[in-house]
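K.L.:
structure of the sequence below:
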Amino acid sequence: MTDHPAVPQGWYQDPSGAAALRWWDGARWTEHTQAAPPQVPAPAPQQYAPQAPQPPVQQQPYPPQQPYAQQPYAPQAPAPQQPYPPQVPQAPVQQQFPPGGGGPEGLLSADVLAVNQDFKWVDISTSYSVLDRKGIEVGSVAETGQNAARKVMRFVSTMDRYLSRKFEIRDAAGVPFLELSRGTKVLKAKVQVARPDGTPVGEILQDRVVTFGSFDLVVGGATIGHIQASWSAFNFTFTDHTGTEVARIGRSLLDRVLDVAFGADYYYYEVLRPMAEPLRSLSLAAALTMDTLLKPDKDGDA
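P.N.:
Prediction:
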């Protein structure tokens, strides 16, 4: 008997080749047979009938579009503008100063000022105080821009009077509000007056080359005032552009004696009429430096 691999029992094709099925019991073939099931032919491939060409689809013409009639633009009436209420101008903030005069106005608004140049054995750096009619210090005057060499020259000679000089007029707090500068003297002295920020105020010009001259107060080339000087009596008259007297400088008899005896310069500046700017500042600048920056030498040169 032929050995076969372990095949499960079941109906299989007859090994003799007959068109039948024989039973396999799992170990051997048996005598049991049965007819083989009929063979089902494979389905033939389906044949498709050729498609007749379809006539092209005729596109229906669109009806002509009617032109769009643009509606005329109706101008819009401007909306009524609400009027703004008028702006009330704000008053400038005024700086408040303590009683007794403070700030530049303590000097500019005073009707009488006393210039107090105390006696100094050695006057290396010029500085002095300015008082009001009550004797309260409302400002000061100081020379600036002096280096060590200039101070030595001033101590040993008088040559510095021909060189450039600078002065500051300060308020009671020591804050400068006017600056005076005189260039090197050639023929006539010219003092330029400006604000600390460099804004020019005007010029004080000597009107004569020789002799004890007077001064013109000039702004932008135009003379707005004049100072008529009497140096021997130390009397000065300030006038405006119309020739009207607006201020004066003078000394008392006692002050003259003290000046001759001790060299203590003390004089008064009196304002007779209100002055507008820049005449007010120029007059004040000249008055407070009359005996220092503007004072002539023995030859009469300022």
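K.L.:
packing partners of the strand or helix carrying residue 224?
P.N.:
With elements taken from DSSP states H and E, the one containing residue 224 is strand 222-230. Other elements packing on strand 222-230 under the criterion 3 or more Cβ pairs under 8 Å, 6 or more residues apart in numbering; DSSP states H and E are strand 215-219, strand 235-240, helix 279-288. Glycine gets a C-beta too; all of them are placed from N, C-alpha and C.
K.L.:
strands of the stretch 101-250 of the chain, start to end?
P.N.:
Under the criterion DSSP state E, counting those that start in this stretch, the stretch 101-250 of the chain carries strands at the ranges 112-117, 127-131, 137-144, 165-171, 176-182, 190-194, 200-206, 215-219, 222-230, 235-240, 245-250.
K.L.:
redo these as CSV? Include distance to residue 105 and mean pLDDT.
P.N.:
Below are these laid out as CSV (distance: least, Cβ to Cβ, whole Å; pLDDT from 0 to 100):
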stretch, distance to residue 105, mean pLDDT
strand 112-117, 13, 90
strand 127-131, 13, 92
strand 137-144, 9, 93
strand 165-171, 9, 94
strand 176-182, 10, 95
strand 190-194, 18, 94
strand 200-206, 16, 94
strand 215-219, 20, 96
strand 222-230, 20, 94
strand 235-240, 19, 95
strand 245-250, 17, 95
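K.L.:
could those strands go into CSV alongside mean neighbour count?
P.N.:
Rendered in CSV, the data for those read as follows (neighbours: other Cβ atoms under 10 Å):
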stretch, mean neighbour count
strand 112-117, 19
strand 127-131, 19
strand 137-144, 20
strand 165-171, 21
strand 176-182, 20
strand 190-194, 20
strand 200-206, 20
strand 215-219, 21
strand 222-230, 18
strand 235-240, 19
strand 245-250, 19
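K.L.:
I figured residue 177 hits residue 170, correct?
P.N.:
Yes. Taking contacts as Cβ atoms under 8 Å, residue 177 lies within contact range of residue 170: 7.1 Å.
K.L.:
which per-residue confidence value corresponds to residue 132?
P.N.:
Reading off the confidence values, residue 132 has pLDDT 93.
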